[in-house]
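Colleague: need a 3D model of the following:
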Amino acid sequence: MRYVPPAPWTAFPAPEASSTVSRRGLFGLSGALMLSSAMPAGAQGDPVGDTIADVVQRAMEQGPFPGVVVAVQKGERTLYRRGFGHIDLENGVMATPEAIFPIGSVTKTMTGLSIMQLVSQGKIGLDDPAGKYVDGLSAAVAAIRIRNLLDHTSGLVGYLDIPGFPRTSQDPITRQQVVGWFANRPLQFEPGTRWSYTNSGIYLLGLIIEKVSGLSYERYLHDHIFVPFGMANSSVTGWATILPRRARGYMMGRNGIENAQRYDPLIAFSAGAVLSTVDDMLKYRRGVFGDGPTPPAVRQLILQRDRLKSGTLLPYALGCLAETEFEGHRKIGHPGDIFGFSSQYSYYPDDDVTIVVLANLQNAAVSIVSLEQKIARAVLGIAQPVIVDARLVNEDVGRFAGDYALGEIRFAVDGMRFVVKDGALHLSFIAGGEAGPAIPLRYQGNGVFVSRFDDEHRFRFDGRGRRRKVFMSYYGSTFEATAGP
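Modeller: Have a look, this model is predicted:
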């Protein structure tokens, strides 16, 4: 049995699984997936390459991912570039580094870069209201500043979270129809007072790019990012177009792996519609952070991090980039998740290491972010943590069990509930007052637990009584929650 918790920084949850936890279910695995690799891992006897291959194959078995493609670069030298499994199960097409995948929310980083290009040209102001560029918004939505749209502090409700939104429809949809779902809804909070991930703000940014530049969103990316950066295999392309080497997307159903739905690119638009390859994503990193077309002034803008009104520094930069620390190494990047696909784009600037992972499975038991973290340890020379099953004694139960509310930085849920069952701690995410299915945790000692399904999801408890807190390391970032009364 498996349970897939909500992903905080991804674009589009699986159709049967929304950001409301209760819609996510437990699914049985129908059988083992045959693994095959499409390219040699590199020089024979390369210990780092061997470790990466082992890590990926284990993740594929656990996922179970049909196909995964990995590329690792140090400076301008490609250290690793390999495909595993298949991009098309029905026709037996093997995964290669040339395969084209939807990258989901990694698209947001390109939207953020586009906005900052226009800001640097004086065509947009970060403190301009959205209503200056987009018509048909309520007064509250029109007043939201561009910077609040960029870093998810707008208070906008996510359009995919609205009951009735046609997420599974195969019918064409327009920009105006999508915006109409959220343009006049009340804000969830005053802009700038909380961080809560939403696709709606990034969707508005796409419309602003079109308004200011006079180009369609896809044309703007083509002219100002894809061509200057040499990304010849990147595009915003619908399913009707014949696209050689395009991967097919899959999801876990009740009886195993199933074909994922196809979707109109305008459902994703500037929040998640780009398709790309691992090679193009390496070129993208070089174009943004190397000596390429991005001026230092624009680079400085995309890395700028604002603070909430309380003074809390945000983990998300104005260029739609998550800036975190992993095992003592600074990390910049973004995950993606969209209708049958998942991705992770990471740059470790102090090490000058870039890692790109693309896969054609959504709602896998092991997240693509967790896979990237294990790859990063191999590349950076960090030992993988040893996972144990320490004994949970009765006197610790009261210290850990209870409801914990997330603070100013939150994602798709409001909090967590920890209960003890059969001598083990279990976690349920809470959304809208409703607790989702229980996830069993493995005790590591010293107040630390990991998910039984994904050991990169860690939970560290601190304090006692009313001062109890839990720090959740989840999808590459840390979220703090405080125990209730």
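
Colleague: please make it C-alpha for all contacts and neighbour counts, starting now.
Modeller: Fine.

Colleague: ok, Pro172 - contacts?
Modeller: Asp264 (C-alpha atoms under 8 Å, 6 or more residues apart in numbering).

Colleague: which stretch of helix or strand covers it?
Modeller: Of the helices and strands defined by DSSP states H and E, none includes Pro172.

Colleague: cool, and Gly333?
Modeller: strand 329-338.

Colleague: which residues in the stretch 351-485 of the chain form strands?
Modeller: For the stretch 351-485 of the chain, applying DSSP state E, counting those that start in this stretch gives strands covering 353-359, 361-362, 402-406, 409-410, 415-421, 424-431, 434-435, 439-445, 448-451, 458-462, 469-474, 477-483.

Colleague: and among these, the most buried is which?
Modeller: Mean neighbours per residue, mean count of other C-alpha atoms under 10 Å, is largest over these for strand 361-362, with a mean of 30.

Colleague: sheet partners, orientation included, of that strand?
Modeller: According to DSSP bridges, strand 361-362 has the following sheet partners: strand 250-253 (parallel).

Colleague: chain center to the partner strand, what's the gap?
Modeller: With C-alpha atoms, centre = their mean, to the nearest Å as the basis, strand 250-253 stands 18 Å off its chain's centre.

Colleague: tell me the mean pLDDT for it?
Modeller: The average pLDDT within strand 250-253 is 93.

Colleague: ok, back up a step: the helix or strand just after the strand holding Gly333 packs against which elements?
Modeller: Using DSSP H and E, the helix or strand that directly follows strand 329-338 along the chain is strand 341-348. Identification of packing neighbours for strand 341-348 by 3 or more C-alpha pairs under 8 Å, 6 or more residues apart in numbering; DSSP states H and E yields strand 101-102, strand 329-338, strand 353-359, strand 361-362, helix 368-380.

Colleague: try 7 Å this time
Modeller: If contacts are counted by 3 or more C-alpha pairs under 7 Å, 6 or more residues apart in numbering; DSSP states H and E, strand 341-348 sits against strand 329-338, strand 353-359, strand 361-362, helix 368-380.

Colleague: before we move on, back to that, okay, the strands of the stretch 351-485 of the chain in JSON lines with mean pLDDT and distance to Val386 next?
Modeller: What follows is these, written out as JSON lines (pLDDT from 0 to 100; distance: least, C-alpha to C-alpha, whole Å):
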{"stretch": "strand 353-359", "mean pLDDT": "98", "distance to Val386": "23"}
{"stretch": "strand 361-362", "mean pLDDT": "92", "distance to Val386": "27"}
{"stretch": "strand 402-406", "mean pLDDT": "94", "distance to Val386": "27"}
{"stretch": "strand 409-410", "mean pLDDT": "88", "distance to Val386": "29"}
{"stretch": "strand 415-421", "mean pLDDT": "93", "distance to Val386": "23"}
{"stretch": "strand 424-431", "mean pLDDT": "93", "distance to Val386": "19"}
{"stretch": "strand 434-435", "mean pLDDT": "90", "distance to Val386": "30"}
{"stretch": "strand 439-445", "mean pLDDT": "95", "distance to Val386": "9"}
{"stretch": "strand 448-451", "mean pLDDT": "96", "distance to Val386": "11"}
{"stretch": "strand 458-462", "mean pLDDT": "95", "distance to Val386": "13"}
{"stretch": "strand 469-474", "mean pLDDT": "93", "distance to Val386": "16"}
{"stretch": "strand 477-483", "mean pLDDT": "91", "distance to Val386": "20"}
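
Colleague: understood, closing this out.
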